[in-house]
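**Q** Sharing a sequence plus its predicted fold:
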Amino acid sequence: MKNLPDNNNTEEVEFLHHEPCSNCGSSDAAGRYSNGRLYCYSCQTTLEKGSNEQQHIPKAESKFESIKVTGEIHALSKRRIREETAKHWNYRTGTLGDQPAQFAYYYNKDEPHVPIAVKVRFADKSFKFLGDTKNVGLYGEHLVKGNTRRKIIICEGELDALSVSQVQSLKWPVVSVPTGASGAVKAIKKRLDWLSEFEEVVLAFDNDKPGQDAAKEIAQLFAPGKAKIVYYPEGYKDASDFLQQGESEKLIDALWSARPYRPDGIIDGETLWDIVNTEENNYTRTYPWHTLNEITYGLRAGELVTITAGSGVGKTKFVNEIAYHLIQEGETVGMLMLEQNVKRTALELISIDMNQPLHLDMSGLDKALFRQSFDNTVGSGRCFLYDHFGSTDVDNLLSRVRYMAVSLGCKYIILDHLSIVVSGMDNGDERRLIDMTMTQLRTLVEETGCGLMLVSHLKRPEGNKGHEEGAITSLSQLRGSHAIAQLSDMVIGLERNQQADKDNEEQAGDPNKVTVRVLKNRFSGDTGVGADLFYNRETGRLTDMPNSFDESIDPNKEYSF
């Protein structure tokens, strides 16, 4: 980067690097130049003279009226700012002490001929504010004449303001904030009443994160629809870049293409035609039970499904059957089974494949078939289990779910169960903890696009009949928080009378029958009994009850939703 010509030397000098200052003790405020000069911008002291320098210039006074500025108005060739633009803005080039500098004068908008401060810009892009900085307003506000209140453009820096003003023939109101993006909001608030008089406020801030974040924060200070934000195309950091690249017309296009600010997530419905005109492509797999697919339309990725039931009804058996079915369908499944260790989960999946409850009896087991079933399930490369070692910290679990979905490619993930997650947290407010955890899980599903099956407990129903005696499930019985129902796409309740006795009239029923009730179905709205399942104690499998589904349903039907 080249400096302006030295005041006492016609050679151009180049800023090299920062060094410590021996005068004020600053660690990096002194600038070293190619002509040998060392100057501290903190204490404004020349530490070492450059070549051909004849005098030492002492530290400048801090009061504006005492500053001795040697400056002239002329074109800024590097920035392609014309002389008439510099004259209009009284933007000067000269020296401060022995430092080449540029000067942007700030005026009181009510006294446009009386400067109250000056921003001094040095060749290495450092700057210094001198004068009445406490009461300084927006740069260029004194140039806004009469009743011109249709549109005003606000830039991040003085040279950007000159650039925008020049491409508009110096006719339209343009201002900039005094201290860049970091102090932009505070500066705008000081002049908010005046700026609110304009019909339209255009924010032409730098095309970087600080600039765009500041623009969005400022836009929210104005009435809805009043503020617009300029979005520069790739390759242009700010307004000055356009002029330096000889692209004034592109700058004009960018300014006129400014879009009204809307908070993140607010979309103009007119822009949605291409989206709504495209057929929905929900990634869907089936449940293992044909009747349940009729009411749910399958199991979709990107949804949160909550499975709930009373204690001992068979929630884990239910989700294990789903996991096995998905693995056989070629899906990669993640399992975080917090009530049992990974060996027990692995054996249950193998049991399903072998149609044999291995947890009851492994005597006489055919090792070759056992290995084959292992390879079909947990050894297939499509099953990942979380060995929790007792750790159920919610952040830890969320990171494991994200890893399974993103890094391992698990389209479907099972978390069993929610109550263990919140019981491991320090705060005793169960409802608040469940609210927080459900919100994080819902966000994670949206972020990763995985299908998450979450097991949750029920609280005891009113009356004498409990869930262990087949009480009907409902959303109101979900334990801990309404957030479980609100944030789930699907809620499925399981009902089983564990005490049923076919030979006892008072306890009539089948203890092996499980009624699957769809309590919430955001996808289609269909709710009610979705299936009657039968638990076969000999095989350890959950299957559709014989003759429980409509004869018109083809059990071999391949669902494609």
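**A** Received, thanks.

**Q** Do you have the strands of the stretch 301-450 of the chain handy? List them.
**A** Ranges of strands in the stretch 301-450 of the chain, per DSSP state E, counting those that start in this stretch, are 304-309, 333-337, 383-385, 412-416.

**Q** could you dump those strands to JSON lines with mean pLDDT?
**A** JSON lines is the format used below for those (pLDDT from 0 to 100):
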{"stretch": "strand 304-309", "mean pLDDT": "95"}
{"stretch": "strand 333-337", "mean pLDDT": "95"}
{"stretch": "strand 383-385", "mean pLDDT": "96"}
{"stretch": "strand 412-416", "mean pLDDT": "95"}
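
**Q** Format those strands as a markdown table; extra columns: mean neighbour count and distance to residue 533.
**A** From N, CA and C alone the C-beta is placed, and that goes for glycine too. Below are the strands of the stretch 301-450 of the chain laid out as a markdown table (neighbours: other C-beta atoms under 10 Å; distance: least, C-beta to C-beta, whole Å):
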| stretch | mean neighbour count | distance to residue 533 |
| --- | --- | --- |
| strand 304-309 | 25 | 12 |
| strand 333-337 | 25 | 20 |
| strand 383-385 | 20 | 23 |
| strand 412-416 | 26 | 18 |
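
**Q** and the ones you listed as TSV, adding distance to residue 172?
**A** Output for the strands of the stretch 301-450 of the chain, formatted as TSV (distance: least, C-beta to C-beta, whole Å):
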stretch	distance to residue 172
strand 304-309	51
strand 333-337	58
strand 383-385	61
strand 412-416	56
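
**Q** and of those, who's closest to residue 163?
**A** strand 304-309 (50.4 Å; C-beta to C-beta).

**Q** Partner strands of the closest one, with direction?
**A** Within its sheet, strand 304-309 is paired with strand 451-457 (parallel), strand 490-495 (parallel), according to DSSP bridges.

**Q** Just want the angle from that strand to strand 412-416.
**A** Relative orientation of strand 304-309 versus strand 412-416 (axes from the mean of the first three to the mean of the last three C-alpha atoms, to 10 degrees): 40 degrees.

**Q** Ok, which of the strands paired with strand 304-309 comes nearest residue 348?
**A** Nearest to residue 348 among the strands paired with strand 304-309 is strand 451-457 (14.2 Å), distances taken as C-beta to C-beta.

**Q** sorry, back to before: let's have the strands paired with strand 304-309 in a markdown table, adding mean pLDDT.
**A** Below are those laid out as a markdown table (pLDDT from 0 to 100):
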| stretch | mean pLDDT |
| --- | --- |
| strand 451-457 | 94 |
| strand 490-495 | 95 |
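
**Q** count of neighbours near residue 387?
**A** 11 (other C-beta atoms under 10 Å).

**Q** which residue sits closest to it, ignoring its sequence neighbours?
**A** Nearest non-adjacent residue to residue 387, counting by C-beta to C-beta, 6 or more residues apart in numbering: residue 342, 5.0 Å away.

**Q** how about that neighbour, what does it touch?
**A** 385-387 (C-beta atoms under 8 Å, 6 or more residues apart in numbering).

**Q** picking up where we left off before, now distance to residue 168 and mean neighbour count too, for the strands paired with strand 304-309, in CSV please.
**A** CSV is the format used below for the strands paired with strand 304-309 (distance: least, C-beta to C-beta, whole Å; neighbours: other C-beta atoms under 10 Å):
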stretch, distance to residue 168, mean neighbour count
strand 451-457, 54, 24
strand 490-495, 57, 24
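
**Q** can I get these in TSV with distance to residue 32?
**A** Conversion of those to TSV gives the following (distance: least, C-beta to C-beta, whole Å):
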stretch	distance to residue 32
strand 451-457	59
strand 490-495	68
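
**Q** Let me know which of the strands of the stretch 301-450 of the chain is the nearest to residue 483.
**A** Of all these, strand 304-309 sits nearest to residue 483, with 10.6 Å by C-beta to C-beta.

**Q** I figured residue 154 hits residue 203, correct?
**A** Yes - applying C-beta atoms under 8 Å, one finds residue 154 in contact with residue 203, separated by 5.4 Å.

**Q** what about those two, which has more around it?
**A** Neighbours per residue (other C-beta under 10 Å) separate residue 154 from residue 203, with residue 154 holding more: 30 against 25.

**Q** mind checking the SS state of that one?
**A** Under DSSP: H, G, I helix; E, B strand; the rest coil, residue 154 falls in the strand class.

**Q** end-to-end on stretch 173-190?
**A** Terminal residues of stretch 173-190 are spaced 18 Å apart (C-alpha to C-alpha, to the nearest Å).

**Q** Only the buried residues of it, if you could.
**A** Across stretch 173-190, burial judged by 16 or more other C-beta atoms under 10 Å covers 173-181, 184-185, 187-188.

**Q** Pick the one among these closest to residue 364.
**A** The closest of the buried residues of stretch 173-190, once distances to residue 364 are taken by C-beta to C-beta, is residue 181, at 75.1 Å.
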